[in-house]
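Q: Build me a model from this:
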Amino acid sequence: MLTQNRLAIEFAGISFKNPLILSSAPPTMDARHILRAARLGWGGATMKTVTHEPTVDPRTRLGVLRMNGKAIGMNNIELLTRTPLSTWTKDWLPKIKKEAPEDFVLIASIMSGPSPEGWTELAETMSRTGVDAIEINVSCPHGSPEEHMGAFIGQDPSLVEMVTRAAKKGTDLPILVKLTPNVTDIVPIAKAAAKGGADAISAINTLESLVGIDIETATPLPIAYGGNRSEQLSTYGGFCGPAIRPVGLRFVSQIAKALPEMLISGIGGIEDWKSAIEYIMVGARTLQVCTAVMWHGFGIIKPITEGLIQFMDRKGYESLESMVGKALPKITSWAALAKLPPIAARIIRENCTGCKKCVTACVDGGFTAIQMREKVAIVNPDKCDGCGLCAVVCEDNAVEFIHLD
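A: Numbering: from 1, shown residues only. Take a look at the predicted model:
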């Protein structure tokens, strides 16, 4: 029962034992992967997207963005499932439903073109497999738009409404619409999905990107090959991982504020219990994870769920539901913010290591308000503008902000 599990949540009429779902991606490429995750305690999984015909991927197809040697984002030029639809419908999905724990939620992901019939047919087909819900992919940023699929549809509100309605026609199961961040304003797209009958929104898919250049060979990354199999080439791909979390939080919060009754499954850079809570607090009720699993394995489910419980105990939250949207009332317009608030930085002496990073930043990017004294940074409150740059560059949690009146 939901009341016996503090991480349980209702979503689109489905009871989830916890909000953590594998997103439609390499970790859900087949029955083996999904069953392994199910047995380790994941709340659910969204299978890798199927369409009428399987796809073929280039090699290599993954590139990385690092900061000081640490991976903070990943680019991929991978498309949909490489497995025939019949393998999923006849073998893998029935196997998963039979062997996974009874409380494991299985979501089918489908993609078709701009004609409604394809969406209706795929929804009908997947509904017969015993899955619990269907997610429609109108957001893949690479490869698919060239075929008038994916983000080609997801960037057009009229097409999103049409294909959502078409998918709904083919099933009685809940329909999630997975949105693209590659738009100026996501709210009209979300409203179109709602108008088409979406039961929930999944946000966001990956950002179209060029992750980097191998400057030694002047070759874009990740390095793949042209038609002659010898020329090294690449293309724009989908950027994911911790670096896109600010974009995901922005779009989820904007959808939640514009459509307060719409259920949202948050996606984008969720890597630990803290980032999971961030998404919940801006309106997400379930959370989809990909990159963190690809980097660290399915076992991350344990520290995430344990961290959620510990945080709820510490803060007095009785349920996940009580955290949903908690931060939304504090997101306002720029015009509504007080200008030049009377705050200044202060250095926490016991945390300061004397690295001088804040001094350099304040001299060249701030207000020359910080000096070193006895190997400890000192802030002159009369010069400090309260901009926050010192806290940005400090790696030792040695900066706090105080009110001056």
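
Q: ranges for the helices of this protein?
A: 31-40, 85-87, 93-99, 116-127, 151-154, 157-169, 187-195, 245-258, 273-281, 291-296, 301-315, 357-365, 389-393 (DSSP state H).

Q: Quick one: the ones you listed as a markdown table, columns for distance to residue 371 and mean pLDDT too.
A: C-beta here means a position set from N, CA and C on the backbone, and glycine is covered the same way. Output for the helices of the chain, formatted as a markdown table (distance: least, C-beta to C-beta, whole Å; pLDDT from 0 to 100):
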| stretch | distance to residue 371 | mean pLDDT |
| --- | --- | --- |
| helix 31-40 | 52 | 98 |
| helix 85-87 | 67 | 97 |
| helix 93-99 | 62 | 98 |
| helix 116-127 | 64 | 98 |
| helix 151-154 | 51 | 98 |
| helix 157-169 | 55 | 98 |
| helix 187-195 | 47 | 98 |
| helix 245-258 | 32 | 98 |
| helix 273-281 | 34 | 98 |
| helix 291-296 | 41 | 98 |
| helix 301-315 | 37 | 98 |
| helix 357-365 | 7 | 98 |
| helix 389-393 | 12 | 98 |
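
Q: Among these, which comes closest to residue 327?
A: For these, proximity to residue 327 was assessed by C-beta to C-beta; helix 273-281 is nearest, at 4.1 Å.

Q: neighbouring contacts of stretch 245-260?
A: Here stretch 245-260 makes contact (C-beta atoms under 8 Å, 6 or more residues apart in numbering) with 179, 181, 186-187, 190-191, 194, 201, 203-204, 207, 262, 264, 266-270, 275, 278-279, 282-284, 325, 327-328, 331.

Q: Next step: those residues restricted to strands.
A: 201, 203, 207, 264, 266-267 (DSSP state E).

Q: any chance of these in a markdown table, plus neighbour count?
A: Converted to a markdown table, those look like this (neighbours: other C-beta atoms under 10 Å):
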| residue | neighbour count |
| --- | --- |
| 201 | 27 |
| 203 | 34 |
| 207 | 20 |
| 264 | 29 |
| 266 | 33 |
| 267 | 33 |
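
Q: Output the helices of the chain as CSV; include the columns mean neighbour count.
A: CSV is the format used below for the helices of the chain (neighbours: other C-beta under 10 Å):
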stretch, mean neighbour count
helix 31-40, 18
helix 85-87, 14
helix 93-99, 16
helix 116-127, 20
helix 151-154, 26
helix 157-169, 21
helix 187-195, 21
helix 245-258, 21
helix 273-281, 22
helix 291-296, 18
helix 301-315, 15
helix 357-365, 17
helix 389-393, 18
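
Q: So, low pLDDT: which residues of this protein?
A: 1-4 (pLDDT under 70).

Q: Domains of it: list them as residue ranges, please.
A: With domains defined by automatic domain parsing, the chain comprises 2-330, 338-403.

Q: so what's the residue most central in space within the chain closest to, chain neighbours aside?
A: Nearest to the mean C-alpha position of the chain, by C-alpha atoms, centre = their mean, lies residue 268 at 1.6 Å. In space, and not counting its chain neighbours, residue 268 is closest to residue 248: 2.5 Å by C-beta to C-beta, 6 or more residues apart in numbering.

Q: what do you get for residue 380?
A: Going by C-beta to C-beta, 6+ apart, residue 380 has residue 369 as its nearest residue, at 5.0 Å.
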